[in-house]
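Enquirer: One predicted model, sequence on top.
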Amino acid sequence: MKVKYNFDIKSVIFDMDGVITDTMPYHYRAWRKIFSDAGVKMSRMDIYLREGQSSAPCVKEIFALDQKAISDKQVQQVLAQKEKLFKKIFKQRFILGARSFIRKLHAQGFQLGLVTGTARHELLKILPKNLRNLFDVIITGDEVSRGKPHPEPYQKALKVLKCKRSDAIVIENAPFGIQSAKAAGIYCLAIETSLPKKYLKKADQVFHSFKHLKNNVCLSKR
């Protein structure tokens, strides 16, 4: 098969949930239980479409969708309950092909970045050390003032990497992450691990899986 897309770059920046770790089903189960206990109606898409968003705004928006108010103190209580439940049900799983792809890029000398809405202390429990150590920079949700879809997380990653936006690509899987990358001026590839293509159209290219991406994209180190 002839490769369709060629990129001459320095850095590849990844999202985590749904791109590297197969954690979204556990996040959804935890959120569904917590919101149900609070008497708030929500759907699977309410969570998946907000993947990558900071947790507090996500809680407020979903309460608002059900026309319910919530105080900042209550938001923190909800977040604590969700984190506790997530830790209880979470099992370490990875998106097929993600780890081998990351290791290959690292061996080829690419700069690697990780940009996630997950907090640092949670990331340390989700992502194993031998995989974390392959990244030159990790930007977490609690280390930025404005999370995805704002460009700040990806802008911060570029700054730490000392990389021009034209010298990087982002791999995402959710609308807010794609918006964040594009707002930062970075070319964005999306994979359909959590959502179908129709929700990922703001990405520059969309692939079914890492296998599909690898068969159609050639990355050359600048």
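Expert: That came in fine, so what should we check first? In this text the structure is predicted, and so the values were computed from the model without any measurement.
Enquirer: For Tyr28, which non-adjacent residue is closest in space?
Expert: Excluding the flanking residues, the one nearest Tyr28 by C-beta to C-beta, 6 or more residues apart in numbering is Ile47, at 4.9 Å. Where C-beta positions appear, they are placed from N, C-alpha and C, glycine not excepted.
Enquirer: Could you do Gly113 as well?
Expert: Closest to Gly113 by C-beta to C-beta, 6+ apart is Ile13, at 3.7 Å.
Enquirer: residues in contact with the host helix or strand of the residue nearest to Tyr28?
Expert: Counting by DSSP states H and E, the element that carries Ile47 is helix 44-48. For helix 44-48, contacts defined as C-beta atoms under 8 Å, 6 or more residues apart in numbering pick out Met24, His27, Tyr28, Trp31, Arg32, Cys58, Ile62, Leu65, Ala174, Ser194, Leu195.
Enquirer: at 7 Å instead, please
Expert: Under the criterion C-beta atoms under 7 Å, 6 or more residues apart in numbering, residues Met24, His27, Tyr28, Trp31, Ile62, Leu65, Ser194, Leu195 lie in contact with helix 44-48.
Enquirer: just the residues you listed now: which is nearest Asn130?
Expert: Met24 (22.5 Å; C-beta to C-beta).
Enquirer: surely that closest one meets Met16?
Expert: No: counting by C-beta atoms under 7 Å, Met24 does not reach Met16; the two are 10.5 Å apart.
Enquirer: Those two: who's more crowded?
Expert: Met16 (24 against 21; other C-beta atoms under 10 Å).
Enquirer: And that one, its phi and psi?
Expert: Per-residue torsions, Met16: phi -110, psi -70 (degrees, to the nearest 10).
Enquirer: Please name the residues that touch it.
Expert: Shown in contact with Met16 (C-beta under 7 Å, 6+ apart): Leu114, Thr116, Thr118, Leu123, Leu127.
Enquirer: these two touch, right, the last one and Thr21?
Expert: Yes: Leu127 is within contact range of Thr21, at 6.5 Å (criterion: C-beta under 7 Å).
Enquirer: before we move on, the earlier item: could I get the pLDDT score of the residue nearest to Tyr28?
Expert: Here, the pLDDT recorded for Ile47 equals 95.
Enquirer: Give me the distance between it and Gln76.
Expert: Look at Ile47 and Gln76: by C-beta to C-beta, to the nearest Å, they are 19 Å apart.
Enquirer: Just give me the closest of the contacts of Met16 to Gly52.
Expert: Thr116 (7.5 Å).
Enquirer: so how many other residues sit close to that closest one?
Expert: 27.
Enquirer: who has more neighbours, Ile47 and Gln76?
Expert: The neighbour comparison of Ile47 against Gln76 (other C-beta under 10 Å) goes to Ile47, with 21 against 13.
Enquirer: From the contact counts, what lies against the longest helix belonging to the chain?
Expert: In the chain, taking DSSP state H as the definition, the longest helix is helix 72-89. Under the contact criterion of 3 or more C-beta pairs under 7 Å, 6 or more residues apart in numbering; DSSP states H and E, helix 72-89 touches helix 24-37, helix 55-65.
Enquirer: would TSV of those helices with distance to Lys221 be doable?
Expert: TSV is the format used below for those (distance: least, C-beta to C-beta, whole Å):
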stretch	distance to Lys221
helix 24-37	31
helix 55-65	36
